[in-house]
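> Structural data only, the sequence is not supplied:
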């Protein structure tokens with residue numbers, strides 16, 4: 001596999017911006033119209049995913065084996081779209097047609113062979129992962145909405161109950177499809193550790209222009225049935241009874257997966273009366289966005305191992321800690337701690353910069369991302385982080 005040729009040609013193609021995914025999907029839908037129904041009516045978010053995922057794969061083409069988990073995740077995740085092995089031929093043909101279109105005379109026999117070889121490896125890993133996971137789990141889980149609480153003007157707390165056993169780890173995420181927006185899947189993080197009754201809490205912040213988040217906040221109701229994809233992600237999880245101290249840095253609803261981890265730790269403390277030290281910093285723009293303040297303050301009063309700090313960035317009248325949550329986090333005692341960071345991409349990027357500037361090793365900073373290029377392990381800049389609904 002000629003990794004250099006792949007990366008160089010992809011760099012040239014990406015100069016054409018949004019024309020690239022537009023051409024790819026146009027070719028795919030014209031040559032294979034039967035697959036159009038597998039995609040949402042609005043393709044804007046899907047086009048972004050295509051470019052980001054392919055860019056990540058190409059940037060690691062010389063060490064695909066080190067990025068196999070990402071490819072396996074893609075393969076497993078595409079089961080919810082009813083993707084089967086034959087669809088990979090259609091996608092591969094449209095990818096090659098797109099590359100040929102934008103590369104022109106540069107698309108010669110050698111370059112075509114390099115891309116074909118790379119695609120064969122990627123497709124094989126994804127198909128094998130999908131086939132393996134199909135032996136132990138469904139393509140998706142139906143889950144009933146059992147409660148809907150409009151906590152603030154633009155934030156809704158959902159409780160859903162899957163119809164069959166749904167196993168996940170605190171800190172993981174799940175993709176969700178709501179009946180009001182078919183085929184538009186978005187990632188959200190359970191805000192609780194697994195329960196005996198199987199219910200799952202989801203925190204949904206309405207995003208300006210967000211088709212899914214707006215529909216959740218305004219239209220989703222008790223009795224509706226949503227679909228859940230398989231749980232994904234390990235970066236924000238911890239081993240049971242791990243004694244390592246934690247610095248948790250949340251922005252907005254990035255609080256959700258960290259709440260699940262806190263609940264995991266609290267159960268261990270109630271059982272054994274021992275727990276790691278945990279300092280949670282919740283950063284928001286305005287104080288009314290501190291939507292779980294009573295619960296966090298009560299926990300800080302009742303648990304000797306837990307400390308909670310509210311950080312507000314845009315309200316100069318706020319009497320508590322003000323500023324960017326990443327800046328405040330970097331002023332805390334960091335030695336011997338692992339940082340867990342979750343929020344929007346700008347918040348995560350800023351926090352990573354601040355923490356690494358203090359000398360904190362990147363290996364001790366954990367954050368999650370899906371479908372997007374991974375940050376260089378020696379860099380403090382992620383391309384994207386888990387933040388719920390992006391559109």
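Happy to help now that I have it. Just so it is clear, the structure is predicted and the values come from calculations on it, not from any experiment.
> Look at residue 23 and tell me its secondary structure.
helix (DSSP: H, G, I helix; E, B strand; the rest coil).
> just checking, it touches residue 99?
No: using CB atoms under 8 Å, residue 23 is not in contact with residue 99, being 9.9 Å away. Using the backbone N, CA and C atoms, a C-beta is placed for each residue, glycine as well.
> which one of these two has more residues nearby?
A direct count of neighbours by other CB atoms under 10 Å for residue 23 and residue 99 places residue 99 higher, at 22 against 18.
> I'd like to know how far that one sits from residue 91.
13 Å (CB to CB, to the nearest Å).
> go on, residue 360?
40 Å.
> just residue 309 next, same as before
For residue 309, the distance to residue 91 - CB to CB - is 47 Å.
> wait, what's in contact with residue 350?
324, 326-327 (CB atoms under 8 Å, 6 or more residues apart in numbering).
> Can you tell me which of the residues you listed is closest to residue 118?
Using CB to CB, residue 326 is the member of the contacts of residue 350 that sits closest to residue 118, with 36.8 Å.
> Who are the contact partners of the residue nearest to residue 236 when sequence neighbours are not counted?
With sequence-adjacent residues excluded and distances taken as CB to CB, 6 or more residues apart in numbering, residue 236 is closest to residue 171, at 3.6 Å. By CB under 8 Å, 6+ apart, the contact set of residue 171 is 189, 233-238, 257-258, 260-261, 340.
> So which of those residues sit within strands?
residue 340 (DSSP state E).
> isn't residue 39 right next to residue 183, touching?
Yes: Residue 39 is within contact range of residue 183, at 6.3 Å (criterion: CB under 8 Å).
> quick one: low-confidence ranges for the protein?
Low-confidence segments of the chain, defined by pLDDT under 70, span residues 1, 41-48, 51, 56, 59-67, 369-391.
> Tell me the buried residues within the contacts of residue 171.
Neighbour-count burial (16 or more other CB atoms under 10 Å) is assigned, among those, to 189, 233, 235-238, 257-258, 260-261, 340.
> Check those residues and tell me the two furthest apart.
Longest span within the buried ones among the contacts of residue 171, CB to CB: 189 and 238, 14.4 Å.
> For residue 243, the count of nearby residues, please.
10.
> oh sorry, the question was meant for residue 311
Residues near residue 311, counting by other CB under 10 Å: 23.
> In three-state terms, label it for me.
Residue 311 - assigned by three-state DSSP - is strand.
> now it: how far from residue 360?
18 Å.
> thinking residue 192 is in contact with residue 198, fair?
No: with contact defined as CB under 8 Å, residue 192 and residue 198 do not form a contacting pair (10.9 Å).
> Who has more neighbours out of those two?
Neighbours were counted for residue 192 and for residue 198 using other CB under 10 Å; residue 192 has more, 20 against 15.
> Any chance of the backbone angles for the more buried one?
Dihedral angles of residue 192 (phi, psi; degrees, to the nearest 10) stand at phi -140, psi 160.
> Which is the succeeding secondary structure element to the strand or helix carrying residue 146?
Using DSSP states H and E, residue 146 sits within strand 141-152. Using DSSP H and E, the helix or strand that follows strand 141-152 towards the C-terminus is strand 155-162.
> Neighbour count for residue 360 and residue 91, which is higher?
Between residue 360 and residue 91, residue 360 has the larger neighbour count (other CB under 10 Å), namely 21 against 17.
> Could you look up the SS state of the residue lying closest to the more buried one once chain neighbours are set aside?
The spatially closest residue to residue 360, leaving aside those adjacent along the chain, is residue 334, at 5.2 Å (CB to CB, 6+ apart). Following three-state DSSP, residue 334 is assigned to coil.
> is it true that residue 334 touches residue 354?
No: with contact defined as CB under 8 Å, residue 334 does not reach residue 354; the gap is 10.5 Å.
> And what about residue 30, helix, strand or coil?
helix.
> which residues touch it?
Counted by CB under 8 Å, 6+ apart, residue 30 has zero contacts.
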